[in-house]
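Trainee: A structural model of the following input is requested.
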Amino acid sequence: MRDPRLQTLARNLVNYSMQVQPGDKVLIDMQGSEREIVGCLVEEVYKNGGIPFVDLNDRKVLRSVLMSATQEQMELWGRLDTARMAEMQCYVAIRSGENVNELADVPDDKMKLYDLYYRKPVHLEQRVKHTRWVVLRYPNDSMAQLANTSTAAFENFYFDVCNLDYSRMDRAMDPLQKLMDRTNRVRIISPGTDLSFSIKGIPSVKCSGHRNIPDGELYTAPVHDSVHGVIQYNTPSVYQGTTFENIRFVFENGKIVEATSSDTKRLNDILNTDEGARYIGEFSLGFNPYILHPMKDTLFDEKIAGSLHFTPGQAYKEADNGNRSSIHWDIVLIQRPEYGGGEIYFDDVLIRKDGRFVIEELEGLNPENLK
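Mentor: Here you go, the predicted structure:
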């Protein structure tokens, strides 16, 4: 018997997140061995009059492909899948891999080929810009292990997070969006962090279950050359199969001029992928009330209550500061007291302290008001 929470999730993804209409072609991209969610999604797409297409993928297979990949091969693969993506109106990706570090030993030059000639054209350019897309994880033993819980406890947490009333959260974001849209200068202060930049003229975007599940963030982007200072992130981050800790960036005129971490060489290899990788493409505040601690999964970690992320690489077209890159790496700084605290100022006014919004019109985004 199916878990009714799973059917609810599939229904929300089709009706709320992607808003599938009759005749819409929907690509369901499943990475991992779980299949029940795929069946639920196919059924819900058909109920709405949509046309489902299914891709079943495996990171172990991807690793085998990339180990000896050539530029010609990646370019052709990118062209083929870009053409297919161009036929789709909707896209949903379900990630359920068993090993987050599966690509850790793929050589840097092969990962760059994959980023430049596959991920960038297929996903950053075509899928993100031209489909109604949503990306989510699916609970498994590996994710429970990363979260330091039992599998049963993680499944309960997962459905609490993913089946949250995102329409209510969406309404609670309105005051923050209005404030962000009229803000010029932002300053972030935390242990090891003193960072300033402008967001003047860059639109802000609410993330309330339409693009990511789980969700709970509001993002914009810094003016391209405006970032100055230093940021010390305090969550581990997995990128291209490698876990990075203690990431620290120093900025001058918008550019990362110094970058260190637990693997400084690989970090700088990633930042040297292209010119835009050393500039910031996104600044976002996270406030999902059920997500409190990092689990080395960006889709969850970037929504942590009382967090922010400051993202090297490609800017989204909805909040475009002009930065272009094959990289888009959401790295998280948590500012709740147990993680060292911190402050965020908009035009010299304190708006969030130690992870809690402190001005009246934003208090609806504090955890007790979103559950």
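Trainee: in this protein, what helix or strand scores lowest on average pLDDT?
Mentor: Across the helices and strands of the chain, the lowest-confidence element by mean pLDDT, DSSP states H and E is helix 141-146, at a mean of 80.
Trainee: report the buried residues of that one.
Mentor: For helix 141-146, a neighbour-count test (16 or more other CB atoms under 10 Å) marks 142-144, 146 as buried. For the C-beta atoms, the positions are set from N, CA and C on the backbone; glycine is no exception.
Trainee: what's in contact with stretch 171-185?
Mentor: 196-200, 203-204, 206, 208, 218, 220, 285, 345-348, 351, 357, 361-362, 364-365, 369-370 (CB atoms under 8 Å, 6 or more residues apart in numbering).
Trainee: hang on, the earlier thing: tell me what the least confident helix or strand of the chain is packed against?
Mentor: When contacts are defined as 3 or more CB pairs under 8 Å, 6 or more residues apart in numbering; DSSP states H and E, helix 141-146 packs onto helix 151-162.
Trainee: quick check: buried residues in the helix it packs on?
Mentor: In terms of neighbour count (16+ other CB under 10 Å), helix 151-162 has its buried residues at 154-155, 157-159, 161-162.
Trainee: looking at the residues you listed, which is nearest residue 4?
Mentor: Distance to residue 4, by CB to CB, is smallest for residue 159 among the buried residues of helix 151-162, at 9.8 Å.
Trainee: mind listing the strands for the stretch 201-350 of the chain?
Mentor: With strands called from DSSP state E, counting those that start in this stretch, the stretch 201-350 of the chain shows them at 205-207, 212-213, 217-220, 228-232, 237-239, 242-244, 248-252, 255-260, 280-286, 307-312, 332-334, 343-346, 349-353.
Trainee: just send the ones you listed back as a markdown table, with mean neighbour count and mean pLDDT too.
Mentor: Putting these into a markdown table (neighbours: other CB atoms under 10 Å; pLDDT from 0 to 100) gives the following:
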| stretch | mean neighbour count | mean pLDDT |
| --- | --- | --- |
| strand 205-207 | 21 | 96 |
| strand 212-213 | 24 | 90 |
| strand 217-220 | 24 | 98 |
| strand 228-232 | 16 | 98 |
| strand 237-239 | 20 | 93 |
| strand 242-244 | 20 | 93 |
| strand 248-252 | 19 | 98 |
| strand 255-260 | 15 | 98 |
| strand 280-286 | 25 | 98 |
| strand 307-312 | 26 | 98 |
| strand 332-334 | 25 | 98 |
| strand 343-346 | 18 | 98 |
| strand 349-353 | 17 | 98 |
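Trainee: can you put those strands in a markdown table and add distance to residue 28?
Mentor: Listed next are the strands of the stretch 201-350 of the chain as a markdown table, based on distance: least, CB to CB, whole Å:
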| stretch | distance to residue 28 |
| --- | --- |
| strand 205-207 | 21 |
| strand 212-213 | 14 |
| strand 217-220 | 24 |
| strand 228-232 | 37 |
| strand 237-239 | 24 |
| strand 242-244 | 28 |
| strand 248-252 | 36 |
| strand 255-260 | 36 |
| strand 280-286 | 26 |
| strand 307-312 | 27 |
| strand 332-334 | 28 |
| strand 343-346 | 38 |
| strand 349-353 | 37 |
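Trainee: closest to residue 104 out of these?
Mentor: Closest to residue 104 of those, according to CB to CB: strand 242-244, at 5.1 Å.
Trainee: now residue 233: how far from residue 75?
Mentor: Computed as CB to CB, to the nearest Å, the residue 233 to residue 75 distance reads 34 Å.
Trainee: neighbour count winner among these two?
Mentor: Taking neighbours as other CB atoms under 10 Å, residue 233 and residue 75 compare with residue 233 leading, 23 against 15.
Trainee: quick one: low-confidence parts of this structure?
Mentor: Within the chain, the segments meeting pLDDT under 70 span 1, 97.
Trainee: which ones are touching the residue minimising distance to the centre of it?
Mentor: The centroid of the chain falls nearest to residue 299 when counting by CA atoms, centre = their mean (4.9 Å). Residues in contact with residue 299 (CB under 8 Å, 6+ apart) are 95, 135-137, 212, 214.
Trainee: what's the answer for residue 208, then?
Mentor: By CB under 8 Å, 6+ apart, the residues touching residue 208 are 166-167, 169-170, 173, 215-216.
Trainee: same question for residue 153.
Mentor: Applying CB under 8 Å, 6+ apart to residue 153 gives the contacts residue 144.
Trainee: how close does it get to residue 236?
Mentor: Taken as CB to CB, the span from residue 153 to residue 236 is 21 Å.
Trainee: one more: residue 32?
Mentor: Residue 32 is 21 Å from residue 236, where distance means CB to CB.
Trainee: with residue 41 instead?
Mentor: In terms of CB to CB, residue 41 sits 31 Å off from residue 236.
Trainee: kindly report the same for residue 369.
Mentor: Distance of residue 369 to residue 236, given as CB to CB: 29 Å.
Trainee: who has more neighbours, those two?
Mentor: Set side by side, residue 369 and residue 236 show more neighbours around residue 236, with 19 against 14, by other CB under 10 Å.
Trainee: for the more buried one, grab phi and psi.
Mentor: Per-residue torsions, residue 236: phi -70, psi 150 (degrees, to the nearest 10).
Trainee: please name the nearest non-neighbouring residue to it.
Mentor: Distance criterion CB to CB, 6 or more residues apart in numbering; nearest residue to residue 236, sequence neighbours excluded, is residue 245 at 4.7 Å.
Trainee: how many neighbours does the one you found have?
Mentor: Count around residue 245 with other CB under 10 Å applied: 13.
Trainee: doesn't residue 260 make contact with it?
Mentor: No - counting by CB atoms under 8 Å, residue 260 is not a contact partner of residue 245; they are 10.9 Å apart.
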